[in-house]
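> Have a look at this prediction, sequence included:
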Protein chains: 2
Amino acid sequence: MEDITKIAETLKLLADRTRLTILTLLRERELCVCEIVEVLETTQPNISQHLRKLKDAGLVSEARRGQWVYYSLSLAKVPYVQAVMDYVPSAKEQLDSLNLDCTTDDCCE
Amino acid sequence: MEDITKIAETLKLLADRTRLTILTLLRERELCVCEIVEVLETTQPNISQHLRKLKDAGLVSEARRGQWVYYSLSLAKVPYVQAVMDYVPSAKEQLDSLNLDCTTDDCCE
DNA sequence: GACTTATATAAGCAATTGATTATATTATAA
DNA sequence: TTATAATATAATCAATTGCTTATATAAGTC
């Protein structure tokens, strides 16, 4: 079992509205940075920096495809994070509205 | 299900080594402030302030008995906190050493 | 090549946080 | 009532944090 200091450290990553929402969005499907930026209505560097922290902790993984970098959840090794996520309400609706925009704006391809 | 902002807010309370340790200690049994101070080797106001935050969030409850105020876990209404706690290693040994001291020092009676 | 789009990194800053020290409150004991 | 022990609160401060703006890198397009 993980050390308590390490657990507290990891929980800090969840204990932020923006990052917790990012993880919740990624539960639906992998997303590129610009999609997350659009849904969360903030700046791109802000999201990139949050993603970096999540990646450093191993909570998400990235895959570049062309100009886009897609992020996806990787919670296999942190069961307590997965356990928390089970109690976070879905953000599916926010993603739906994103898709609508994309058909008109050709955002992210 | 709780709102994501509220969940992030509550997770902030767990995302601190001192507070997470306090909750872990309280999993063993209720403790008075001075016992927690002794185990965590910090100052009394520090612990009191952490306990206040945990109490305000409803994660612990207090019961005064004489000069002592005993704190205990109350996680019934926050299942995701309970879920996290299931992955935090026991702090039973730290409490054992506390008991030894008490027999000699008559700390907290 | 030059231009655009997507993303990352760096620097700066206001706000929050965890801790300390000092003081107040509450209860017990002499 | 005076003294002591347990706890709470207030003031202060250094460190951390989340965000913004500016700039750099990387990939695609013309």
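Right, received. Where do you want to start?
> May I ask which helix or strand encompasses A:Ala63?
Per DSSP states H and E: A:Ala63 is located in strand A:60-65.
> angle of the helix or strand just after that strand against strand A:60-65?
Downstream of strand A:60-65, the next assigned helix or strand under DSSP H and E is strand A:68-73. With axes from the mean of the first three to the mean of the last three Cα atoms, to 10 degrees applied, the angle from strand A:68-73 to strand A:60-65 works out at 150 degrees.
> If you count neighbours, what's buried in the strand holding A:Ala63?
A:60, A:62 (16 or more other Cβ atoms under 10 Å in any protein chain shown). Yep, even glycine has a C-beta here, placed from its N, CA and C like the rest.
> Give the partner strands of that strand in its sheet and their orientations.
Paired neighbours of strand A:60-65 in the sheet (DSSP bridges): strand A:68-73 (antiparallel).
> Could you pick out the residues of chain A near DNA strand D for me?
Within reach of DNA strand D by Cβ under 7 Å from any atom of the strand, chain A has these residues: A:12, A:15-18, A:42-43, A:45-46, A:49-50, A:53, A:64, A:66-67.
> Any idea how far stretch A:3-21 is from the middle of the chain?
Relative to the chain's own centre, stretch A:3-21 is displaced by 13 Å; criterion: Cα atoms, centre = their mean, to the nearest Å.
> Kindly report the same for stretch A:55-71.
A distance of 10 Å separates the centroid of the chain from that of stretch A:55-71, by Cα atoms, centre = their mean.
> Can you name the residues in contact with that stretch?
Applying Cβ atoms under 8 Å, 6 or more residues apart in numbering or on different chains, the external contacts of stretch A:55-71 come out as A:9-10, A:13, A:22-23, A:26, A:30-34, A:36, A:51, A:54, A:72-75, A:77-78, A:81, A:108-109.
> From the residues of chain A next to DNA strand D, pick the one nearest A:Asp86.
Nearest to A:Asp86 among the residues of chain A next to DNA strand D, counting by Cβ to Cβ, is A:Ala15 at 16.7 Å.
> I'd assumed B:Asp16 was in contact with the closest one.
No. If you go by Cβ atoms under 8 Å, A:Ala15 and B:Asp16 don't touch, sitting 9.0 Å apart.
> Between those two, which has more neighbouring residues?
Shown here are A:Ala15 and B:Asp16; by other Cβ atoms under 10 Å in any protein chain shown, A:Ala15 has more neighbours (21 against 17).
> tell me the contacts of that one?
Applying Cβ under 8 Å, 6+ apart, we find A:Ala15 in contact with B:8-9, B:11-12, B:14-15.
> Show me which of those are buried.
Counted by 16+ other Cβ under 10 Å, those give B:8, B:11-12, B:14-15 as buried.
> Any part of the host helix or strand of A:Cys34 near DNA strand C?
Taking DSSP H and E as the criterion, A:Cys34 maps to helix A:33-40. Yes. Among the residues of helix A:33-40, A:33-34, A:37 lie within reach of DNA strand C under Cβ under 7 Å from any atom of the strand.
> can you list these in JSON lines and add neighbour count and pLDDT?
Shown next, in JSON lines, are the residues of helix A:33-40 next to DNA strand C (neighbours: other Cβ atoms under 10 Å in any protein chain shown; pLDDT from 0 to 100):
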{"residue": "A:Val33", "neighbour count": "18", "pLDDT": "98"}
{"residue": "A:Cys34", "neighbour count": "16", "pLDDT": "97"}
{"residue": "A:Val37", "neighbour count": "19", "pLDDT": "97"}
